[in-house]
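# output the structure for:
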Amino acid sequence: MQENGQTSFGICCSNIFPVVTPPSEITQDPLVDDIPQGGNDDKKEGGITVKPMAQFPGSWPPPIPTHPPDHTVPPLPTHPPYLELPGISTIKPVFTSKKPGIATTWPTKKPAWWPGAPTVLPTTSERPPMDTISGINTHQCGAKNGNQDQERIVGGQNADPGEWPWIAALFNAGRQFCGGSLIDDRHILTAAHCVANMNSWDVARLTVRLGDYNIKTNTEIRHIERRVKRVVRHRGFNARTLYNDIALLTLNEPVPFTEQIRPICLPSGSQLYNGKIATVIGWGSLRESGPQPAILQEVSIPIWPNGECRLKYGAAAPGGIVDSFLCAGRAAKDSCSGDSGGPLMVNDGRWTQVGIVSWGIGCGKGQYPGVYTRVTHFLPWIYKNLK
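Purely as a prediction, here's the structure:
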């Protein structure tokens, strides 16, 4: 969207401050583990249990990337993730745009891709057999409800009720703050920055809602809720660069698969997906500092080659655009839709999650694509922590 001559891009999310639960009210201590990608520490029992820290002052917007409390991250005004730690964690969002009213729901437009992009949209390819190492039932994953072939670029719009049966809404103290995806009957894949500053008190207040559509009412569609038993975040997560922005939530009990609730497929191999049309879904705010939509939103966007994304961002990305990132978006005056932690998906015969909503730059002279955690890069880490 263009406002007063400036273009904008952002992955917006709700801004919610939960009340910290006193330790005396916690009946069971949930686990909060930092698990590395590999190396000598690559064992589940090597995780670090985060100890309770001081209460959060002021405000706490979980979807804005944060950092574990024992580190100090310098402010980066050109980069949305921001954290000051003068003894006690103060977490606040910083956007380069000072103009409110940036929409994330748009009319249909002719797509504009990166320079030199193909003029013919890619077609759906037959998906190769899924890797069975995870034990996920591939016959049940990746089947959406309604039209399966959603491959053309469209403007953001309301999803259909029950269309995306793996979408998860994360709630803290009863308020939705991030998204995620169901990848088997008891695990939610999300972004590390959604849970990076949480201790066991906060995790005890987490709930995950599955099968939901309108998060502001309980009457329009049947959904289920589960509490979170364990949070595993990648030990290499860095709030300044947003490297390794991935986490797994273990539910307190498994969920039964139904027409309204079933998992998304994980990718196989190391496919780059360049030029593919992907879809992102979530309940992200309709504009920066604006209201959160009640109804699940969806938008389809092209995946960029990392080289083009790297050229586009230049020095604006503090740690650069690395191989573990995936970029997707339009080189047009549009915004991107999606909650932090939510899935970026492609239709490879079955719907497959290729990215996790991570970060983006709020505005600038040119259009920046969104930056996602590349799921194929972290498959060994995911499979290890599903066991």
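# what segments of the stretch 251-387 of the chain are helices?
Per DSSP state H, counting those that start in this stretch, the stretch 251-387 of the chain carries helices over the ranges 306-313, 379-386.
# export those helices to CSV and tack on mean pLDDT?
As requested, the helices of the stretch 251-387 of the chain are exported to CSV (pLDDT from 0 to 100):
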stretch, mean pLDDT
helix 306-313, 95
helix 379-386, 97
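# the ones you listed: which one's closest to A278?
helix 306-313 (13.6 Å; Cβ to Cβ). Any C-beta I mention is one placed from the backbone N, CA and C, and that applies to glycine too.
# any buried residues in the closest one, and which?
Neighbour-count burial for helix 306-313, counted by 16 or more other Cβ atoms under 10 Å, picks out N306, E308, C309, R310, K312, Y313.
# restrict that helix to CA atoms and write it as PDB.
Only the C-alpha atoms of helix 306-313 are listed here, as PDB (Å, rounded to 0.1, in the frame of the first residue of the first chain):
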ATOM      1  CA  ASN A 306      17.900 -15.200  -1.800                       C
ATOM      2  CA  GLY A 307      20.300 -13.400  -4.000                       C
ATOM      3  CA  GLU A 308      17.700 -10.900  -5.200                       C
ATOM      4  CA  CYS A 309      16.500 -10.500  -1.600                       C
ATOM      5  CA  ARG A 310      20.000  -9.900  -0.400                       C
ATOM      6  CA  LEU A 311      20.500  -7.100  -3.000                       C
ATOM      7  CA  LYS A 312      17.100  -5.600  -2.100                       C
ATOM      8  CA  TYR A 313      17.900  -5.400   1.600                       C
END
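# nearest to I246 among the buried residues of helix 306-313?
N306 (17.4 Å).
# quick one, which of the helices of the stretch 251-387 of the chain gets closest to N147.
For the helices of the stretch 251-387 of the chain, the distance to N147 is smallest for helix 379-386, at 28.4 Å, taking Cβ to Cβ.
# what helices and strands are in contact with that closest one?
strand 31-35, strand 247-251 (3 or more Cβ pairs under 8 Å, 6 or more residues apart in numbering; DSSP states H and E).
# now with 10 Å, please.
Applying 3 or more Cβ pairs under 10 Å, 6 or more residues apart in numbering; DSSP states H and E, one finds that helix 379-386 contacts strand 31-35, strand 187-190, strand 224-234, strand 247-251.
# including mean neighbour count, mean pLDDT and distance to T279, could the ones you listed go into TSV?
Formatted as TSV, those follow (neighbours: other Cβ atoms under 10 Å; pLDDT from 0 to 100; distance: least, Cβ to Cβ, whole Å):
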stretch	mean neighbour count	mean pLDDT	distance to T279
strand 31-35	21	64	29
strand 187-190	27	99	16
strand 224-234	21	96	24
strand 247-251	25	98	22
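# so which of these gets nearest E163?
Nearest of the helices and strands packed on helix 379-386 (Cβ to Cβ): strand 224-234, 17.2 Å.
# my guess is P267 meets V346, correct?
Yes - if you go by Cβ atoms under 10 Å, P267 and V346 touch, sitting 8.4 Å apart.
# residues shared between the contacts of the two?
Common contacts of P267 and V346, defined by Cβ atoms under 10 Å, 6 or more residues apart in numbering, comprise R127, Y273, T352, Q353, V354, G355.
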